[in-house]
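Asker: Please find the sequence and the predicted model below.
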Amino acid sequence: MDKIQLELEFYKKLNPEAAIFFKKKTLAAKLLKISVKDLKLAPEQSWYEEYLALLMIRLENPTLNFIARQYTEKLMQWYAHNKNRDERELAVLGMIQFAEPTELNIPFNQHLWHKKMIGDVQAVFLDKYVDTNYSDAEIATYYLFRQNMRRHERRKMRVAFMANSFISAEKILPVYEVLKKRDDVETFLVVYAGADYKYLERAWEYFQRKYPDDKIYSYGLMDLKKLQPDYVFLANPYDSRRNFPGFRTNDIAKFAKVCNISYGATLSKIFSDRLFNDYPNFWRNVYMLFTSGESVKNLFAESFPQNLSMNYQHVEFLGYPALEPYYKLEKEPSAAKCIMWSPRWNFDDKIGGSHFMEYKDKFVALSKKNVELILRPHPDLFNELMKKKFMSRDDILAYEEVLKANNIYRQTTLAEMYKSSRKVDIFLTDYSSIMIQFFLTGRPIIYCEYPKAAPFPEYAEMFSAMYTAHSWKDVERYLEDLLAGNDPLLERRQEIAQKIYETHKGAADKIAKKILEDFNQSLR
């Protein structure tokens, strides 16, 4: 790369609007080579989503606007040369990337356009919501740049927290609870439906019971934008599960700073790699990420170095808010010892580790030992079993009947994990992010090892203080000792639990403080 090109690339980083200009120009030139018949099928074309995404961005830089006017004149010349042919409409599409339609003294032959395209283009220029699902790093960087440059008068900070179940929201709610007590902050708890549009009413009712004095918002379409939040907290990277238009990350980034606290504590590199590598379209729109550990912070910095170096994105490790309530969580008294089994949902080589098919009948057999049993499967487990054809729906229903016949409770509700954790004496689990939460209670964990999930350095001690089982024989051996009151790792476990707690203590307050600092730095 020569010196001029290097300077150009640096300028594009310094002012991402320059990159947008070049993308607009390239796409406009590309349109002139597309057959006009494609206008009838525009929403199905590969260029359509990017076209609309770029159309939404109005150039503000005076120099770029001057160059854009010159380029528009070239498109006008092409248009004049082709004005007797339908292809001139392709020049119109190119020109409105740089100018309002009302500024162009040319006729529109919109009978050549797809009906959806007419509506989408009109909506863009009327500043109405347009549903696009593009994936483009430079467009994402542009919106991060705009949010970073945004300035405001002194006023209340506005923060929205998006949730569709307690399972994911548990990680962001501690920050919500801190901020809603402040007089200088307005908070909004926004409940949305999942990918299948089910359970919205149940989720809304759950959060209303949890926060009876708060207004719980249940919104779709443009309503999130209407709240005018400065920051929006999301707990998971699965945009495909936020099907309401305007709730995807690349929509939110246009009007607010996206913040993320991961819905699961990431304890191993293999799962962090999976999150960052499999969902780049989510992470490139996140303005501020609060990680569950220093190693995850470093991995994010390695994955998205450019935006971090330009200060368009921020990553912090300030502790994981969901952990604090579990430290030395009081155990409910019970007549029988209680064992909870938490099998993983996935069997794949990359992100697997589930022992469910191996141990499902052996777990049921434990009911003969005069113990109370709870099965807490991952919410996706049974769907995955059917998808992989390990079990049919009838097989699963039959297994559920076996659980009932043996008085084994299957946990399926939205209830907080720490409520059910009060009953548990021994936690039997595959690799799971909830291991660290239960570990802080001080009670023993039998970990059914997944060798590929080697722990990060900061959690290696924690894994060494769990009873690692390589087979069901190991599980039975550990259970026999623990049920008899023999727990040789107890003191070591309590010591490490205290160290983890001290590292994560006060995380919600620290995250709230960081957001307030960022907001105050944006004053005019």
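Answerer: Received the coordinates, thanks.

Asker: Which elements pack onto the longest helix seen in the chain?
Answerer: Ranked by residue count and defined by DSSP state H, the top helix of the chain is helix 62-81. Judged by 3 or more CB pairs under 8 Å, 6 or more residues apart in numbering; DSSP states H and E, the packing partners of helix 62-81 are helix 16-31, helix 88-95. Every residue, glycine included, has its C-beta placed from N, CA and C.

Asker: Can you list the neighbours in contact with the next helix or strand after the first one?
Answerer: Read that as helix 16-31. Proceeding N to C from helix 16-31, the next assigned helix or strand is helix 48-55, under DSSP states H and E. Helix 48-55 has contacts (CB atoms under 8 Å, 6 or more residues apart in numbering) with 20, 23-24, 27, 42, 93, 96-97, 117, 120-121, 124, 130, 132-134, 136, 139, 250.

Asker: got it, and stretch 118-132?
Answerer: Stretch 118-132 has contacts (CB under 8 Å, 6+ apart) with 43, 49, 52-53, 55-56, 96, 100-101, 110, 113, 221-222, 225, 245-246, 250.

Asker: returning to that earlier point: now the longest helix of the chain, how far from the chain's geometric center?
Answerer: Here helix 62-81 is found 40 Å from its chain centre; the criterion is CA atoms, centre = their mean, to the nearest Å.

Asker: Name the residues of it that come out as buried.
Answerer: 64, 67-68, 71-72, 75-76, 78-79 (16 or more other CB atoms under 10 Å).

Asker: Check stretch 133-146 too.
Answerer: Buried residues in stretch 133-146 (16+ other CB under 10 Å): 135-136, 138-146.

Asker: cool, stretch 516-524 as well?
Answerer: Result for stretch 516-524 [16+ other CB under 10 Å]: buried residues 516, 518-519.

Asker: in what helix or strand does residue 177 lie?
Answerer: Assessed by DSSP H and E, residue 177 sits inside helix 173-179.

Asker: Just the CA coordinates for that helix, please, in PDB.
Answerer: Extracted as PDB, the C-alpha positions of helix 173-179 are listed here (Å, rounded to 0.1, in the frame of the first residue of the first chain):
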ATOM      1  CA  LEU A 173     -31.300  -5.700  36.000                       C
ATOM      2  CA  PRO A 174     -28.800  -4.900  38.800                       C
ATOM      3  CA  VAL A 175     -27.700  -1.900  36.800                       C
ATOM      4  CA  TYR A 176     -31.300  -1.000  36.100                       C
ATOM      5  CA  GLU A 177     -32.000  -1.100  39.900                       C
ATOM      6  CA  VAL A 178     -29.000   1.200  40.600                       C
ATOM      7  CA  LEU A 179     -29.900   3.800  38.000                       C
END
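
Asker: With adjacent residues omitted, what lies nearest to residue 113?
Answerer: Counting by CB to CB, 6 or more residues apart in numbering, residue 113 lies nearest to residue 39, which is 5.3 Å off, once chain neighbours are set aside.

Asker: Ok, residue 217 next?
Answerer: Closest residue in space to residue 217, ignoring its immediate chain neighbours: residue 190 at 4.5 Å, by CB to CB, 6+ apart.

Asker: Could you check the pLDDT of that neighbour?
Answerer: On pLDDT, residue 190 comes in at 90.

Asker: distance of the residue nearest to residue 172 when sequence neighbours are not counted from residue 249?
Answerer: What sits nearest to residue 172 in space, not counting adjacent residues and going by CB to CB, 6+ apart, is residue 233, at 4.6 Å. Distance from residue 233 to residue 249, counting by CB to CB, to the nearest Å: 12 Å.

Asker: the more surrounded of those two?
Answerer: Neighbour count, other CB atoms under 10 Å: between residue 233 and residue 249, residue 233 has more, with 29 against 21.

Asker: quick one: low-confidence ranges for this structure?
Answerer: Regions of the chain meeting the criterion pLDDT under 70 cover residues 1-13, 166-167, 193-200, 219-222, 245, 413-416.

Asker: the domain parsing of it - what is it?
Answerer: Structurally, the chain divides into domains by automatic domain parsing as follows: 3-125, 156-321+507-520, 325-504.

Asker: For residue 150, find the nearest of the ones you listed.
Answerer: When the domains of the chain are compared by CB to CB, domain 156-321+507-520 sits nearest residue 150, at 8.5 Å.

Asker: can you pull the contacts of the residue most central in space within the chain?
Answerer: By CA atoms, centre = their mean, the chain has its centre lying nearest to residue 237, at 2.0 Å. If a contact means CB under 8 Å, 6+ apart, then residue 237 has 260, 275, 279, 282-283 as its contacts.

Asker: measure it to residue 432 for me?
Answerer: On the measure of CB to CB, residue 237 and residue 432 end up 18 Å apart.

Asker: swap in residue 127?
Answerer: Applying CB to CB, the value for residue 127 to residue 432 is 45 Å.

Asker: Have a look at those two and say which one is more surrounded.
Answerer: Set side by side, residue 127 and residue 432 show more neighbours around residue 432, with 23 against 9, by other CB under 10 Å.

Asker: Tell me which of the helices and strands packed on helix 62-81 sits nearest to residue 403.
Answerer: The nearest among these, by CB to CB, is helix 16-31 at 54.6 Å.

Asker: Give me the contacts around the closest one.
Answerer: For helix 16-31, the surrounding residues in contact (CB under 8 Å, 6+ apart) are 11-12, 47, 50-51, 54, 57, 59-61, 64, 67-68, 71, 75, 90-91, 93-95, 97-98, 136, 138-139, 141-142, 144-145, 312.

Asker: quick one, phi/psi of the residue of the chain positioned farthest from its centre?
Answerer: Among residues of the chain, the one most distant from the C-alpha centroid is residue 84; the distance is 50.1 Å, by CA atoms, centre = their mean. When quoted as degrees, to the nearest 10, the phi and psi of residue 84 stand at phi -90, psi 10.

Asker: got a list of what it touches?
Answerer: Listed by CB under 8 Å, 6+ apart, residue 84 has no contact partners.
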